[in-house]
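A.B. asks: Pasting the sequence and the predicted coordinates here, then a few questions.
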Amino acid sequence: MATVIAVTNQKGGVGKTTSAVNIAFFLAKAGKTTLLIDFDPQGNATSGLGVDKQKLEGTMSEVMTGKSTLQDIVIPTKHKNMSLAPATPHLANTEVELAQAEQRFTRLKKAIESLDDYDFIIIDSPPSLSLLTVNGLIAAQYVLLPVQAEFYALEGLGQLLETMKLVRKNMNPGLDLLGVLPTMMDSRTTLSNQVLEEIKKHFPGKVFNHPIPRNIRLAEAPSHGVPVGAYDRFSKGSRAYKAVAKEVLDRVG
Ligand SMILES: Nc1ncnc2c1ncn2[C@@H]1O[C@H](COP(=O)(O)OP(=O)(O)OP(=O)(O)O)[C@@H](O)[C@H]1O
Ligand SMILES: [Mg+2]
């Protein structure tokens, strides 16, 4: 069975998509068959992998409304072992459509269960505690929580942890926090280091050993339609995500 990891934080712009894309890339590079599910109507993971959204035959919207299976809409990427389930802004309408639908919380889980086997499935969640995010939490065994190393980093996390608790209690008792990943670290600044200490204090034993540095290459790579490892593999950002992917492999055993 695939190991399913939801990359989740309801705060916007903390590095969810960057983490999901680059960790998926390095898991694939390590020989693990990996499916990245773009589960955000912004479709950033889809465009960041150079996919033309106009030309898609199917997206996560059709999967969520039951018009397509996940199998039908998965496309290969330029990278060996790495596939993508794309998303477009249409997924936002789908979410509204599903508001009263039956089994609306378990649709992603069902879709994943009917899928041919992958070693890893990485879900890029939207910046909200929405129906989509909850579907991700119910479908996943693990949450990977990116936290931006800035002053407000921990604000709002209580709400996410509360949601995880509810999901565990009602739908998915096995849901586990895989780890907290500090992102956009600037280790030269006192603030970044203070926040890192704060994060470690809040999540003892859960913080990844390789915080992601602020690195321009990480921000540039999506405009070239590739993960950073295929854009500048010697950059600090690339090396950091490679190390985190290795830690992910260690942590899931
Ligand atoms: N370590 C980093 N160094 C520099 N820039 C980064 C880094 N991580 C992410 N970025 C940039 O910061 C912005 C936000 O990152 P990203 O899109 O990954 O966050 P997100 O949490 O997925 O956002 P959203 O909540 O909107 O989905 C992007 O422009 C991205 O390229
Ligand atoms: Mg994103």
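C.D. replies: Ah, there it is. Numbering: from 1, shown residues only. Ligands and ions are numbered 1, 2, ... in the order given.
A.B. asks: In contact with residue 33: list those residues for me.
C.D. replies: Counting by Cβ atoms under 8 Å, 6 or more residues apart in numbering, residue 33 touches 81, 83, 117-120. Every residue, glycine included, has its C-beta placed from N, CA and C.
A.B. asks: Which residue is the nearest non-sequential neighbour of residue 73?
C.D. replies: Spatial nearest neighbour of residue 73, excluding adjacent residues (Cβ to Cβ, 6 or more residues apart in numbering): residue 58 at 3.6 Å.
A.B. asks: And for residue 97?
C.D. replies: In space, and not counting its chain neighbours, residue 97 is closest to residue 65: 6.6 Å by Cβ to Cβ, 6+ apart.
A.B. asks: distance of the one you found from residue 213?
C.D. replies: 40 Å (Cβ to Cβ, to the nearest Å).
A.B. asks: Please apply the same query to residue 137.
C.D. replies: Using Cβ to Cβ, one gets 28 Å for the distance from residue 137 to residue 213.
A.B. asks: Compare the two (neighbour count), which wins?
C.D. replies: When neighbours are counted by other Cβ atoms under 10 Å, residue 137 comes out ahead of the other of residue 137 and residue 213, with 26 against 20.
A.B. asks: Number of residues surrounding the closest residue to ligand 2 within the stretch 51-200 of the chain?
C.D. replies: Proximity of the stretch 51-200 of the chain to ligand 2 (Cβ to the ion) peaks at residue 124, 5.9 Å away. Close neighbours of residue 124, defined as other Cβ under 10 Å, add up to 29.
A.B. asks: Could you say which helix or strand holds the closest residue to it other than its chain neighbours?
C.D. replies: In space, and not counting its chain neighbours, residue 124 is closest to residue 20: 3.9 Å by Cβ to Cβ, 6+ apart. For residue 20, the host element (DSSP states H and E) is helix 16-29.
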